[in-house]
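K.L.:
Provided below are the primary sequence and the corresponding predicted coordinates.
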Amino acid sequence: MSAPQTPAGKVANYVDERTGAAKWLKKNLTKVFPDHWSFMLGEIALYSFIILLLSGVFLTFWFDPSQREVLYQGSYQPLSGIKMSAAYVSTLHISFDIRGGLLMRQIHHWAALLFMAAIVAHLLRVFFTGAYRKPREFNWIIGVGLLTLGIVEGFLGYSLPDDLLSGTGIRIAEAIIQAMPVVGSYLSFFAFGGPFPGDAFIPRIFTVHVLLLPGLFLALITAHLMLVWYQKHTQYPGPGRTEKNVVGYPLMPVYMAKAGGFFFIVFGVTALLSALASINPIWLYGPYTPGQISAGSQPDWYMGWLDGLVRMSPPIETHAFGHTISWNILIPGLIVPGILFTGMALYPFIESWFTGDKREHHLLDRPRNAPNRTALGAMSLTFILVTLLNGGNDIIATHFSLTINQIMWFSRIGIFVLPPIAYVITKRLCLSLQRADRDLVLHGKETGRLMMSAEGEFIEVHEPISKEKAWTLTQHEQPVALEHLTEDEHGVRNPNSRGSKLRARISRADAEQIQKPGGDTHREIE
Amino acid sequence: MSHEIEPISDPGLPDHVHRAADTNPVAEKKAERQVAILFLLSALGTILFIASYIFIPTTEFIFLPVMGTTNAHELFLGLGLALALLFMGLGAVHWAKTLMPDEEVIAERHEFRSEESDREDFVATVKERAAAAGLGRRSLIKRTLGLSGGLLAASPLLLLRDLGPLPKNQLQTTSWETGTRLVTDPGNRAIKPSDLEVGAVAQVLPQLLPGEERTLNNIGKDAVLLIRLRPEEFELSPERLSWTYEGIIAFSKICSHMGCAVALYEQQTKHLLCPCHQSTFDVPRAAKVIFGPAARPLPQLAITIDSEGYLVAQKPFTEPVGPSFWERSS
């Protein structure tokens, strides 16, 4: 091969001779990605993370993470002469004296809200389409980890300005730490460097917020994307799409332009929001002091469910043998969230256990074709929505002329009653949609044209649907319920009979389906 | 249910339909112009951004419908940035959608599972190397390595010890002592019963001795609410009634649930409400919890007056204030 002549060619030659990158790039620049709007939800999360990094670095240039008490003499007159922490002063300074500072603060906060919203939306997409199934269980767990870290990172972030609202949030976090049996008081004193609020907490969470957690985020996001890259993206079912292929557009140039452009669009929308809509105006709240509070204290939305759980908790404490256990804090603050997140992380394995399905899946499920999973998702979502609603009970009460007591009791009862109802309704809806699909395949679609037969009978003309559509509606497998095995093929009693019985029962509920037209298609995956 | 029709088979990828710009040079030119216009609009956004930075003073405010009054400098800076970014993105996406190839391609997936022979080789290699290192045989090395590794891994925990002091009795005590005067916050002014009208509520703190500084740590434990009712409105035990003075009753302002300031007082119902989790305390009944997640009443501070007629604490709080903790005995 002749020596490269152009400058670009020379650079490429220089790099390739030292890394052999050409071979890898040649293969990966033509990598195929399937196209669907719902695949952009994870992208939004990624892009808002980048926006957070950029705007966050800007903010650190002026933010002073210190609880040193100073007398404010800055340009915001209403707070002039008031004692406050250096952290709060520097946040005021960024908001009022640094050109573009307020804009960047608002971009940082809006991007954080968007980041969490995109993670949740992405999680719901992955859940309802069954994308977490083998071989993507690792990525599901990484995703649950990112969600958890995101909640912590967001909380620490809005705690940093040390305003009255965020200080109240820290006080609540301190109470949760302190409520832990045996070690609570010690952990709290270690975290705060002494009694609350002390002067160590803001500097410490600053390090966690700008160094420790972003580092973890970068590592986990890299792993998340590498797995997506290596395992190739899932795709929705359709003509020509199988478990063994991936149909879509190549990375270069289409996805580079589309994904690159989409990053700018996400950033642009965040900037637009931040230009127009004020968020977290900390100068209105005033500096933190433990003796004051503002009415209608609300956390950011992704903490709302936790606050809602704490609010609806019954007033139970145990006092015995000279010790106190605050169930009213432990249950809503640690135990229920622990169960929720563990259950979420383990769900792929739980599902694989009760379906007995150990095969790879690269074609996504249409939610209606997995009624049990869809209903479970709707049930969990309803649970969270009730807690979220209760987290805003004071705001709802003042806006809709209700009493807090009414909303609280609605939530306390609703948290038990509404999720099962959501399960039943969603499952019935899925089965109805399956029936509608079946009708469509068997009888075609309605045309709106009425015909009168020779006998004088009116009938509506139905047109058969296309073979592509018919395939899309019928390509899925329908699950078969597992049987309760009391003994194996040699007649030996199953030692785990109870587990098998439970599994058979769940499997039966899971396999409830409307028979699809064309019988059972068993797609073989080797 | 019977199988009404034959199983439907995969018809394969549908035929590609060309876009206007793929076949019609006029449409192609038009799409190209559209992309160029979008990129130009982005440049205009950046110019707005730069102009706002230089020419709009940071002290300029304008009124926006719905959004309210806002800083003009930050607003136009943001709008410029938003337009620059949005149109850049829209241009790129429009370019991809109208002019870049839109024919779907098929790529095959590979199987993740390694070949059986590779797996066997792997296991054999691991076993062989482990045997060569004597992992199985040299239990003395293994045990000592385990011991030293465990010790090494646990040692960073030790370094975290100085994160904070031990709690000792700091969660149990406050600055209130027998005879400590109640003072206004802010102001640090001692108060007399006559300063408080019936129905009034005030936040007080323990009086600072000369040279003492009030820290947030103190306020977090010491903040007290004074409420004055008519004495006949109390429904208190004789002991608790003796802790009040002429209808004035004092409670810790730090919520017994999670430590927020219990700052909302409803004069009509005589309820104290915590804005964090809506625990509601009934003042005439010694701040009994009547609603919400709090499990304990707000601790009551026994008050009286000193020889000069100023309100003082009869004695320290008889129980810890603030949220519960493991070492709390009641």
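P.N.:
Here it is on my side, so go on. Quantities reported herein were computed from a predicted structural model and do not represent experimental measurements.

K.L.:
Can you pull out the low-pLDDT segments for the chain?
P.N.:
Just going to use chain A. Low-confidence segments of chain A (pLDDT under 70): A:1-2, A:519-526.

K.L.:
should've been chain B
P.N.:
Looking at chain B by pLDDT under 70, you get B:1-4.

K.L.:
can you pull out the strands in it?
P.N.:
B:61-64, B:68-71, B:105-108, B:182-184, B:201-206, B:224-228, B:248-252, B:264-266, B:271-273, B:280-282, B:288-291, B:300-301, B:303-305, B:311-313 (DSSP state E).

K.L.:
Tell me which of the ones you listed lies nearest to chain A.
P.N.:
Closest to chain A of the strands of chain B, according to CB to the nearest CB: strand B:105-108, at 4.0 Å. For the C-beta atoms, the positions are set from N, CA and C on the backbone; glycine is no exception.

K.L.:
just to revisit the earlier point, now the strands of chain B in a markdown table, with mean neighbour count?
P.N.:
Below are the strands of chain B laid out as a markdown table (neighbours: other CB atoms under 10 Å in any protein chain shown):
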| stretch | mean neighbour count |
| --- | --- |
| strand B:61-64 | 11 |
| strand B:68-71 | 14 |
| strand B:105-108 | 14 |
| strand B:182-184 | 20 |
| strand B:201-206 | 20 |
| strand B:224-228 | 24 |
| strand B:248-252 | 25 |
| strand B:264-266 | 15 |
| strand B:271-273 | 20 |
| strand B:280-282 | 21 |
| strand B:288-291 | 16 |
| strand B:300-301 | 24 |
| strand B:303-305 | 20 |
| strand B:311-313 | 24 |
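
K.L.:
Residue A:36 is nearest to which of those strands?
P.N.:
strand B:105-108 (15.9 Å; CB to CB).

K.L.:
how about the closest one against chain A, any contact?
P.N.:
Yes: looking at strand B:105-108 against chain A by CB under 8 Å from any CB of the partner chain, the contacts come from B:105, B:106, B:107, B:108.

K.L.:
Check which helices and strands that strand sits against.
P.N.:
Judged by 3 or more CB pairs under 8 Å, 6 or more residues apart in numbering or on different chains; DSSP states H and E, the packing partners of strand B:105-108 are strand A:32-33, strand A:245-250.

K.L.:
which SS class is residue A:515?
P.N.:
Three-state assignment for residue A:515 (DSSP: H, G, I helix; E, B strand; the rest coil): coil.

K.L.:
now the strands of chain B in CSV, with distance to residue B:218?
P.N.:
Shown next, in CSV, are the strands of chain B (distance: least, CB to CB, whole Å):
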stretch, distance to residue B:218
strand B:61-64, 39
strand B:68-71, 37
strand B:105-108, 67
strand B:182-184, 12
strand B:201-206, 8
strand B:224-228, 12
strand B:248-252, 13
strand B:264-266, 23
strand B:271-273, 22
strand B:280-282, 23
strand B:288-291, 26
strand B:300-301, 15
strand B:303-305, 19
strand B:311-313, 14
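
K.L.:
So which residue is smack in the middle of the chain?
P.N.:
Since no chain was named, I'll use chain A. When CA atoms, centre = their mean is applied to chain A, the residue found nearest the centroid is residue A:120 (2.1 Å).

K.L.:
that answer is for a different chain, and I need it for chain B
P.N.:
Nearest to chain B centroid, counting by CA atoms, centre = their mean: residue B:276, 12.2 Å.

K.L.:
For the nearest residue in space to that residue that is not next to it in sequence, give me its contacts.
P.N.:
Setting aside the residues directly before and after it, residue B:276 is nearest to residue B:260 in space (CB to CB, 6 or more residues apart in numbering or on different chains), at 3.8 Å. Taking CB atoms under 8 Å, 6 or more residues apart in numbering or on different chains, we find residue B:260 in contact with A:168, A:171, A:172, A:293, A:297, B:254, B:274, B:275, B:276, B:277.

K.L.:
what's the distance between residue B:260 and residue A:179?
P.N.:
14 Å (CB to CB, to the nearest Å).

K.L.:
do the same with residue B:244
P.N.:
Residue B:244 is 31 Å from residue A:179, by CB to CB.

K.L.:
Mind checking which of those two has more residues around it?
P.N.:
Neighbours were counted for residue B:244 and for residue A:179 using other CB atoms under 10 Å in any protein chain shown; residue A:179 has more, 25 against 21.

K.L.:
Look up how far chain B lies from the more buried one.
P.N.:
Going from residue A:179 to chain B by CB to the nearest CB, to the nearest Å gives 6 Å.

K.L.:
and what of residue A:235?
P.N.:
10 Å.

K.L.:
any residue of the longest helix anywhere in chain B up close to chain A?
P.N.:
Ranked by residue count and defined by DSSP state H, the top helix of chain B is helix B:25-55. Yes: residues of helix B:25-55 are located near chain A by CB under 8 Å from any CB, namely residue B:53.

K.L.:
Up against chain B, what does the stretch 351-500 of chain A have?
P.N.:
Looking at chain B, the residues of the stretch 351-500 of chain A close enough under CB under 8 Å from any CB are A:360, A:362, A:393-394, A:404-405, A:408, A:441-442, A:467-468, A:470-471, A:474-475.

K.L.:
buried set for the helix or strand harbouring residue A:414?
P.N.:
Using DSSP states H and E, the element containing residue A:414 is helix A:404-443. Residues of helix A:404-443 classed as buried: A:404, A:407-408, A:410-412, A:414-415, A:418-419, A:422-423, A:426-427, A:429-431, A:433-434, A:437-438, A:440-441 (neighbour count, 16 or more other CB atoms under 10 Å in any protein chain shown).

K.L.:
Sweet, I'm off.
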